[in-house]
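Novice: fold the stuff below for me.
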Amino acid sequence: PGLVRMYGIGNFARPVANKTFFKADKVEFYWHRLGTNLLVLTQTEVDKTGRSYYGESGLYFMAAAGNFDCRVVLDRDGPIHDVVWSPDEKEFVVSYGFMPAKTAMFNHRAELVFDFGIAPRNFVRYNPHGRVLAIAGLGNLSGQVDLWDRKKLKKITSVDAHGASFCEWSPDGRYLLAATLSPRLRVDNGIRIWHYSGTLVYKQDTPELYQVDWRPAPVARFPQRSALSPVPAGIALISSAADAATTAAAKPAGAYRPPHARTREVSSSSSAPRSISDMAERKIFGATAPSAARVVPGAAPKTPKLPVGASPDMLAKAGADKKRRTRNRSKKTTGEGAAADSTAEQPNTAEQPSAVEAAPTTEIDILKKVRALKKKVGQIDSLAKKRDAGEVLEANQLAKIAARGQIDAEIAELNAKIASLAV
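Specialist: Numbering: from 1, shown residues only. The predicted structure follows:
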């Protein structure tokens, strides 16, 4: 079992209050501002019932005087999202349960005082005077913020803080700041400030915003008013329509492109495929759309891998020779087609392309041929070792061993040709 004990400072021999409970791997303490009461939020790493991925949670109330403690009864299953004490009264508000969550207010005896309803909310915060309560859905929720009048227990208004991950009241208790911060969200970063009447009074967008906070000031400098006051004169107001228009204009138009594809330039030439059918047609006929190589900032540029023993000059020379042979072959094909048209009445006696591989003419082609022949020599040596060990080989394997001398002669001839090309 878990155990929480309270001690008076300087007297640790005897606790003034203690509470024992089960299902607790860790706890969080929420003290009242006056230090007279304590809320203990317990959490387990695993929910044995399997209903929640985040484990189980419970809430316990303890009085510092030691005369009262209990478990706070929550009438909805699920995790406890947020707990906050009122800065003025002996009451607290809890947001709990599976989404959409329930938010409720309890008194100093852990008795239900008011139910704020069920909505997708996970954040609760009183303003410094305890007069206005903000109930919001931050993080992965929609960002709606409900502002409630504590005295009348009526909702004043709701504002939209879409994408906000931070929310805090100003020291005078009249303005609520909501911000979207990095790295929680790397787009639409910025701050917005509302008057508690729901009027947007300030907005600032920032490419990357990591932290924001109010300038500290004592609450006693701002005495509480008897009634909620309107927006002070002289503050430029921002309408909801203008805010929405500015947000829409700031977002880039066009289709979404993933980060790894944003550095590539979109080609508008006719050679680029513009539809799936066009891409299929180009694939059939061997055409490909131009694409820029991905550039990784800070990384060395990629260099093409060359065959063993080849140099960049040899590669360039081989490419030029290949283009020349392709051009000559296309001219020859065009001439043969014209000759065939002129003798259409005669039977087609055109010779088929020879299946014999053409002799290598460039240095890089010769190197490739030599490497292939050396690979064959290695295979023949393996077969010869098996034969010498007494293993019975097939006729085609014995023929390969017999052709070893021819392959060695061909390798020597190719090496001599390489030497002559180098000269």
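Novice: can you find the helix or strand in this protein with the smallest mean pLDDT?
Specialist: Within the chain, no helix or strand scores below helix 276-284, which has a mean of 48 by mean pLDDT, DSSP states H and E.
Novice: low-scoring stretches of the stretch 101-250 of the chain, by residue?
Specialist: Along the stretch 101-250 of the chain, segments meeting pLDDT under 70 span 233-250.
Novice: quick one, strands of it?
Specialist: All strands of the stretch 101-250 of the chain, identified by DSSP state E, counting those that start in this stretch, fall at 101-107, 112-119, 123-126, 132-136, 144-149, 154-160, 166-169, 175-180, 190-195, 200-205.
Novice: looking at those, which is buried most?
Specialist: Highest mean neighbour count of the strands of the stretch 101-250 of the chain: strand 132-136, a mean of 24 (counted as mean count of other Cβ atoms under 10 Å). Backbone N, C-alpha and C define where each C-beta goes, glycine included.
Novice: show me what it is packed against.
Specialist: Strand 132-136 sits against strand 91-96, strand 123-126, strand 144-149, strand 166-169, with contacts defined as 3 or more Cβ pairs under 8 Å, 6 or more residues apart in numbering; DSSP states H and E.
Novice: 6 Å instead?
Specialist: Helices and strands touching strand 132-136, by 3 or more Cβ pairs under 6 Å, 6 or more residues apart in numbering; DSSP states H and E, are strand 123-126, strand 144-149.
Novice: what angle sits between the last one and strand 101-107?
Specialist: Between the axes of strand 144-149 and strand 101-107, defined by axes from the mean of the first three to the mean of the last three Cα atoms, to 10 degrees, the angle is 20 degrees.
Novice: what about stretch 55-73, average pLDDT?
Specialist: Here stretch 55-73 scores 87 as its mean pLDDT.
Novice: my bad, stretch 381-391
Specialist: Here the average pLDDT along stretch 381-391 is 88.
Novice: how far does it sit from the chain's center?
Specialist: 58 Å (Cα atoms, centre = their mean, to the nearest Å).
Novice: what does it rub up against?
Specialist: For stretch 381-391, the external contacting residues (Cβ atoms under 6 Å, 6 or more residues apart in numbering) are 393, 397, 401.
Novice: count the neighbours of the second one for me.
Specialist: Same thing as Gln397. Gln397: 18 surrounding residues under other Cβ atoms under 10 Å.
Novice: relative to Val83, how far out is Pro128?
Specialist: Look at Pro128 and Val83: by Cβ to Cβ, to the nearest Å, they are 18 Å apart.
Novice: want to throw the contacts of stretch 381-391 into CSV with distance to Pro301 and secondary structure?
Specialist: Formatted as CSV, the contacts of stretch 381-391 follow (distance: Cβ to Cβ, whole Å; DSSP: H, G, I helix; E, B strand; the rest coil):
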residue, distance to Pro301, secondary structure
Leu393, 51, coil
Gln397, 48, helix
Ile401, 48, helix
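Novice: of all the helices and strands packed on strand 132-136, which lies closest to Ile135?
Specialist: Set against Ile135 and scored by Cβ to Cβ, the helices and strands packed on strand 132-136 come closest in strand 144-149, at 4.6 Å.
Novice: ok, and what's touching the closest one?
Specialist: Contacts with strand 144-149, where a contact means Cβ under 6 Å, 6+ apart, come from 132-137, 155-159, 161, 196.
Novice: also stretch 154-163?
Specialist: Under Cβ under 6 Å, 6+ apart, the answer for stretch 154-163 is 143-149, 178, 180, 185, 188, 194, 198.
Novice: check stretch 14-21 too.
Specialist: 1-8, 60, 62, 66, 69.
Novice: my guess is Cys167 meets Thr180, correct?
Specialist: No - the pair Cys167 / Thr180 is not scored as a contact, 10.7 Å apart, by Cβ atoms under 6 Å.
Novice: show me the two of the contacts of stretch 14-21 that sit farthest apart.
Specialist: By the measure Cβ to Cβ, Pro1 and Gly8 form the most distant pair in the contacts of stretch 14-21, at 23.8 Å.
Novice: the two: who's more crowded?
Specialist: Each of Pro1 and Gly8 has its neighbours counted (other Cβ under 10 Å); Gly8 has more, 11 against 7.
Novice: where's that one relative to Ala64, distance?
Specialist: From Gly8 to Ala64 the distance is 9 Å (Cβ to Cβ).
Novice: any chance of the strands of the stretch 101-250 of the chain in a markdown table, with distance to Ala389 too?
Specialist: Converted to a markdown table, the strands of the stretch 101-250 of the chain look like this (distance: least, Cβ to Cβ, whole Å):
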| stretch | distance to Ala389 |
| --- | --- |
| strand 101-107 | 78 |
| strand 112-119 | 83 |
| strand 123-126 | 79 |
| strand 132-136 | 82 |
| strand 144-149 | 82 |
| strand 154-160 | 83 |
| strand 166-169 | 77 |
| strand 175-180 | 75 |
| strand 190-195 | 79 |
| strand 200-205 | 79 |
